[in-house]
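*Asks:* I would like to see how this sequence folds:
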Amino acid sequence: MTPAHKELLQELQSFAPTAPSAESLMERIAKRLHEKMTRYNWTGFYLVDPADSNYLIVGAYAGSFTPNVRIPLDRGLCGAAASSGQVVVVQDVTKDPRYLAGSNLVKSEIVVPIFVNKKLAGELDVESYFADTFTKPEQEFVEACASVLANYLAKV
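*Replies:* Below you'll find the predicted structure:
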């Protein structure tokens, strides 16, 4: 991770213990990632729909377009990450048939599943208008940011 990654991660980790709610923590993470990481053009969370666990619903987000509001677990990169339980990194979304466009400007995407007590709770999704954004250090950083929320949710 770069010094900028470490500094922002430290800020989020410091805020988490005092966050009044999971929603406020998600809002802070999404907003700060969007503000500080210039190639992160849309950052947000998808949560398992409490009414139907076969769907993800959009949570807190920051970015320049309106996201897909509800995604079935068998569709899109978000559905792929949720179904497999694995991080999905796509460096060029035009080459991945699973991609569900939120904006035609998006070139690359990373989706990190968030588990609480070994059960999928949601995921952190970051989209970029630049291809090849999500290098290994970027992936480690986004995973660490997702773990801030996972740790918070495990304690509530």
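*Asks:* Which residues are in contact with the residue nearest to the spatial centre of the chain?
*Replies:* Note on the chain: the residue nearest the mean C-alpha position is residue 124, at 1.7 Å, using CA atoms, centre = their mean. By CB atoms under 8 Å, 6 or more residues apart in numbering, the contact list for residue 124 reads 29, 43-45, 111-112, 114, 142, 145-146, 149. For the C-beta atoms, the positions are set from N, CA and C on the backbone; glycine is no exception.
*Asks:* beta partners of it?
*Replies:* residue 45, residue 112 (DSSP bridges).
*Asks:* any idea how far it is from residue 97?
*Replies:* Counting by CB to CB, to the nearest Å, the separation of residue 124 from residue 97 is 23 Å.
*Asks:* what about residue 69, how many neighbours?
*Replies:* 9 (other CB atoms under 10 Å).
*Asks:* and the gap between it and residue 76?
*Replies:* Residue 69 is 12 Å from residue 76, by CB to CB.
*Asks:* what does residue 111 give?
*Replies:* Residue 111 is 9 Å from residue 76, by CB to CB.
*Asks:* And for residue 22?
*Replies:* 23 Å.
*Asks:* what does stretch 85-105 contact?
*Replies:* 41-42, 64-68, 71, 75-81, 106-113, 115, 120, 127, 129, 131-134, 139, 143.
*Asks:* what's residue 65 in contact with, if anything?
*Replies:* 42, 102-103, 105.
*Asks:* Next one, pLDDT for it please.
*Replies:* Predicted confidence (pLDDT) for residue 65: 81.
*Asks:* you'd agree it is in a helix?
*Replies:* No: Residue 65: not assigned to a helix; according to DSSP: H, G, I helix; E, B strand; the rest coil it is coil.
*Asks:* May I see the buried residues of stretch 76-96?
*Replies:* Neighbour-count burial for stretch 76-96, counted by 16 or more other CB atoms under 10 Å, picks out 76-83, 87-91, 93.
*Asks:* Distance across that stretch, terminal residue to terminal residue?
*Replies:* Stretch 76-96 has an end-to-end distance of 9 Å (CA to CA, to the nearest Å).
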